[in-house]
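>>> Model the structure of this input:
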Amino acid sequence: MRIVIITLGILLLPSMPIAAPISRQIDISTEIDKNKFSVGEFMDVRFVPDSLVAVFDRDAGSFMDLTTNMSVITSLPTSEANSGFSVFLNENNITCFDGNNTAVTLTPVPDTDVYGFAKLRINGISLPIGSSVSIPEFNIINDGFFEGYYPVNINFSALSASHLDAGKCSGNISVRVEFNI
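Prediction:
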């Protein structure tokens with residue numbers, strides 16, 4: 001009888017490693033509300049000054065560069081992390097008319113398409129259309145809240161229409177801001 005039991009034990013051992021593993025899939029999903037990451041919000045974001053007059057340089061075939069500042073005021077208390085914010089360039093366009101009030105087609109110099117009509121630099125960082133740049137931290141603390149004041153440079157592309165000094169142009173640059181988390 002002992003011989004039979006030992007033989008059965010040897011026959012059962014090789015079948016154990018062949019057994020298929022058991023696996024189960026568990027679906028997990030979550031929703032994240034970005035608004036709950038921070039207790040503050042943007043109270044005011046503006047260019048200072050917010051209205052600029054660009055002078056057309058006929059010899060250069062472009063508008064002269066402009067300088068302004070971006071002011072950012074938040075209700076984000078200094079007890080929170082100073083993670084800064086991101087700036088998105090939403091709009092960067094211009095419309096020009098000659099002396100007869102006829103629309104002028106403007107052609108920017110090649111290799112400037114990603115910047116639109118004007119190259120915008122905030123705090124020294126170039127901001128292409130449809131992209132964002134991160135401002136790593138707020139640079140002002142005012143009454144226990146984070147704020148920021150950043151230099152903005154606007155460099156204009158050379159244009160094919162050099163007779164604009166007899167007409168007029170108007171343009172718009174629009175940005176959106178979000179807290180960095």
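>>> Geometrically speaking, which residue is the centre of this protein?
residue 132 (1.7 Å; CA atoms, centre = their mean).
>>> For the closest residue to residue 70 other than its chain neighbours, give its distance to residue 174.
Of all residues not flanking residue 70 in the chain, residue 150 sits nearest, at 4.8 Å (CB to CB, 6 or more residues apart in numbering). From N, CA and C alone the C-beta is placed, and that goes for glycine too. Per CB to CB, to the nearest Å, residue 150 is found 16 Å from residue 174.
>>> is it true that the residue nearest to the centre of the chain touches residue 88?
Yes. Under the criterion of CB atoms under 8 Å, residue 132 makes contact with residue 88 at 4.5 Å.
>>> show me where this structure has helices.
With DSSP state H, the ranges of helices along the chain come out as 2-12.
>>> Strands along that one, start to end?
42-48, 56-57, 62-63, 66-77, 85-97, 103-104, 118-122, 125-126, 132-135, 140-142, 145-156, 168-179 (DSSP state E).
>>> got JSON lines for these, with mean pLDDT too?
Below are these laid out as JSON lines (pLDDT from 0 to 100):
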{"stretch": "strand 42-48", "mean pLDDT": "92"}
{"stretch": "strand 56-57", "mean pLDDT": "80"}
{"stretch": "strand 62-63", "mean pLDDT": "81"}
{"stretch": "strand 66-77", "mean pLDDT": "94"}
{"stretch": "strand 85-97", "mean pLDDT": "85"}
{"stretch": "strand 103-104", "mean pLDDT": "78"}
{"stretch": "strand 118-122", "mean pLDDT": "88"}
{"stretch": "strand 125-126", "mean pLDDT": "91"}
{"stretch": "strand 132-135", "mean pLDDT": "92"}
{"stretch": "strand 140-142", "mean pLDDT": "95"}
{"stretch": "strand 145-156", "mean pLDDT": "93"}
{"stretch": "strand 168-179", "mean pLDDT": "85"}
